[in-house]
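**Student:** A predicted structure for the sequence below; I have some questions about it.
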Amino acid sequence: MTILILGSTSDIGMSIAQIFAAKGFSIQLAGRNLKNQEIVANDLRIRYNTEVETYFFDAINYNSHLNFYQKLASKPDIAVCVFGYLGEQSTAQQNWEETEKIIDINYKGAVSILNIIADDFEKRKSGTIIGISSVAGDRGRMSNYIYGSAKAAFSAYLSGLRNRLFHSNVHVVTVNLDL
Ligand SMILES: NC(=O)c1ccc[n+]([C@@H]2O[C@H](COP(=O)([O-])OP(=O)(O)OC[C@H]3O[C@@H](n4cnc5c(N)ncnc54)[C@H](OP(=O)(O)O)[C@@H]3O)[C@@H](O)[C@H]2O)c1
């Protein structure tokens with residue numbers, strides 16, 4: 001069994017990798033920082049004697065996503081979308097670029113790659129997609145409503161995807177984090 005972790009250098013991504021490596025899964029680490037990913041990969045290989053591959057993945061380079069997925073050495077059984085960007089609410093209120101970055105990473109990037117993975121899992125009639133969302137998406141808060149609204153959109157996407165893929169034996173899990 002293989003798990004693909006998108007955003008693998010986050011603390012949560014690394015913890016997920018450890019838990020699944022300990023269970024004997026092959027691990028695919030995907031993210032922008034290949035150097036850090038190699039360090040994590042070596043640690044996992046030594047600790048758990050498991051197969052670990054690393055891939056470059058940029059959530060906002062949408063046009064690269066199909067090629068990224070096609071080039072995976074094997075197709076995953078579980079794909080977990082961990083990457084995210086909290087950003088700076090006060091900056092985002094004044095600066096469109098920061099607002100757009102928050103929306104692009106948390107929503108558009110996730111939708112772009114999960115559309116591709118969902119199609120593959122649907123054809124294979126198996127798999128689990130896990131999206132890490134946030135309670136910040138449950139209601140808008142003064143301190144982080146731009147991030148929260150992007151996570152709300154992501155949660156709505158995941159619930160629709162769950163209803164679609166249920167018919168193909170594919171599970172879609174929304175993790176609504178509150179840390
Ligand atoms: N921590 C919390 O309290 C909390 C609460 C609720 C929800 N969450 C959600 O949980 C997830 C993980 O949170 P965290 O606190 O562990 O995150 P984090 O430490 O801030 O790490 C964010 C991760 O996203 C990756 N990332 C950012 N932009 C990217 C891009 N364009 N392409 C690919 N990867 C990109 C980062 O990779 P780089 O190293 O390349 O930047 C990093 O691996 C996120 O989705 C977050 O929104 C976290």
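**Tutor:** Yes, it's here.
**Student:** who's the residue nearest the centre of the chain bridged to?
**Tutor:** The residue lying closest to the centre of the chain (CA atoms, centre = their mean) is C81, at 1.3 Å. On the basis of DSSP bridges, C81 is bridged to L6, G131.
**Student:** in this structure, which residue sits nearest the ligand?
**Tutor:** At 2.3 Å from the ligand, G84 is the closest residue in the chain, using CB to the nearest ligand atom. Just so you know, the C-beta spots here come from the backbone N, C-alpha and C atoms, and that holds for glycine as well.
**Student:** hang on, that residue in a helix?
**Tutor:** No - G84: not assigned to a helix; according to DSSP: H, G, I helix; E, B strand; the rest coil it is coil.
**Student:** pLDDT wise, what is the residue lying closest to it once chain neighbours are set aside at?
**Tutor:** Spatial nearest neighbour of G84, chain neighbours left out: N106 (5.4 Å); criterion: CB to CB, 6 or more residues apart in numbering. In this model, N106 is scored at 98, pLDDT.
**Student:** surely N106 meets S149?
**Tutor:** No - if you go by CB atoms under 8 Å, N106 and S149 don't touch, sitting 9.2 Å apart.
**Student:** perfect, that will be all.
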